[in-house]
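Colleague: predicted structure and sequence below. I'll ask about it afterward.
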Amino acid sequence: MNSDNNTVMHADDRLLDQAGRCTDALKALQPKQQHQKAQLFALLYPTIVELLNKQVSQKAILEVLETQGLKLHPARFKELMAAQAAATSTPSTDKAL
């Protein structure tokens, strides 16, 4: 019976090792570059809005973003601006619950 317990323990150890390796591999995954750009843009959005309100041109903003590694086509810039505007202006429905 002791050998049966050892076999089960070894199987459990192997399973835990495999689960650990799978977990490590999954945690090493990175979001797609487009999603990373969207996340970065979301963090920069308040500053961009502030600059646009100060009459800084979209072209100037895009040039600075590109020098900092965030290259965006003007159409993509407008899409991200619209998405962030919608996300920040949408009231939370959780408060009503």
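Modeller: Perfect, I can see it now.
Colleague: may I have the secondary structure class of Leu72?
Modeller: coil (DSSP: H, G, I helix; E, B strand; the rest coil).
Colleague: that one - how many residues pack around it?
Modeller: Residues lying near Leu72 (other Cβ atoms under 10 Å) number 16. For every residue, glycine as well, the C-beta is placed using N, CA and C.
Colleague: does Leu80 touch Leu70 like I think?
Modeller: No: the criterion here is Cβ atoms under 8 Å, and Leu80 misses it with Leu70 at 10.1 Å.
Colleague: who has more neighbours, these two?
Modeller: Leu80 (19 against 15).
Colleague: quick one: common contacting residues for Leu80 and Leu70?
Modeller: Phe41 (Cβ atoms under 8 Å, 6 or more residues apart in numbering).
Colleague: so who does Gln36 touch?
Modeller: Contacts of Gln36 by Cβ under 8 Å, 6+ apart are Gln30.
Colleague: which strand or helix spans it?
Modeller: helix 33-53 (DSSP states H and E).
Colleague: who are the contact partners of Phe41?
Modeller: With Cβ under 8 Å, 6+ apart, Phe41 has these contacts: 48, 70, 72, 80, 84.
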